[in-house]
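Chemist: no sequence on this one, just coordinates:
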Ligand SMILES: Nc1ncnc2c1ncn2[C@@H]1O[C@H](COP(=O)(O)OP(=O)(O)OP(=O)(O)O)[C@@H](O)[C@H]1O
């Protein structure tokens, strides 16, 4: 494949009234998917810009994990298009994967390795030299207030700390897009709050686009974009205030409840 053939298409989108342009980190267009003929996603379309934090809000069974499995190419999509950082996922899978970092619902660190070893392995997979991987690991861990943990075995970290290491790993290769599938499952309230706060800050400071899947309404910040998924369809997409107003609700919790006909509870 020639370099030109894999060059990302220039996809930009207008940002606000200032007419600034930000690159599109993720574009999903008319995506549908079925398990054994049973539709699970139906004509899902949305795009995320660099630095945008979007909460993919959906009750259990809405299709969030299936959507993540398609974006990460664990499943192949037959209908619709997915572009990551301007690269078509099917035609330029390697380049598209280089533009995404993923934190899966189930933790995927090796508990018997140190933080440094876990991150070094990921760095090597992305073609970094050991020195480069060390430099970036230390930078990301510092941003996540995990400096000093490099030599610790993952087994000795708390659940919240492990999640932060997974986020550092997901950002090590400096992707444009970070996907997190219900990353706070199993964490106590304080660790959940800290994680939500950390990732919002990373998104602002590093300009990475974040797609954060959850069914927990208290993980939504007032300035977030919310994409509500219900029975495999997007039933609302916009800023929190917009979604609340369009659902004729008083809060995002009430809006989520209305939009999902009570399944959010
Ligand atoms: N491998 C599979 N085979 C068949 N059906 C599946 C499979 N995985 C998921 N489903 C079904 O697809 C629908 C969407 O599931 P999915 O896990 O994507 O939803 P979700 O929003 O991530 O839910 P949760 O929050 O419970 O993880 C559900 O009805 C689920 O039972």
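Modeler: Received it, and whenever you're ready, just let me know what you need. For clarity, every value in this text was computed on a predicted model and none was experimentally measured.
Chemist: could you list every residue that touches the closest residue to residue 58 other than its chain neighbours?
Modeler: Closest residue in space to residue 58, ignoring its immediate chain neighbours: residue 229 at 3.7 Å, by Cβ to Cβ, 6 or more residues apart in numbering. To be clear about C-beta, it is placed using only N, CA and C from the backbone, and glycine gets the same treatment. Contacts for residue 229 were tallied using Cβ atoms under 8 Å, 6 or more residues apart in numbering; they are 44, 56-58, 62-64, 67, 235.
Chemist: what's near enough to touch residue 228?
Modeler: Residues touching residue 228, when contacts are defined by Cβ under 8 Å, 6+ apart, comprise 57-58, 234-237, 243, 255-256, 259-260.
Chemist: Report the beta-bridge partners for it.
Modeler: Counting by DSSP bridges, residue 228 is bridged to residue 57, residue 236.
Chemist: how about the helix or strand hosting residue 242: buried residues?
Modeler: When elements are defined using DSSP states H and E, residue 242 is found to belong to helix 240-246. Applying a neighbour-count criterion of 16 or more other Cβ atoms under 10 Å, one finds 240, 243-244 buried in helix 240-246.
Chemist: The ligand versus the residue nearest to residue 58, what's the distance?
Modeler: Residue 229 sits 7 Å away from the ligand when distances are taken as Cβ to the nearest ligand atom, to the nearest Å.
Chemist: Please list which of the buried residues of helix 240-246 are also close to the ligand.
Modeler: The residues of the buried residues of helix 240-246 that also fall near the ligand, by Cβ under 6 Å from any ligand atom, amount to none at all.
Chemist: and those as TSV, adding pLDDT?
Modeler: Putting the buried residues of helix 240-246 into TSV (pLDDT from 0 to 100) gives the following:
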residue	pLDDT
240	97
243	96
244	97
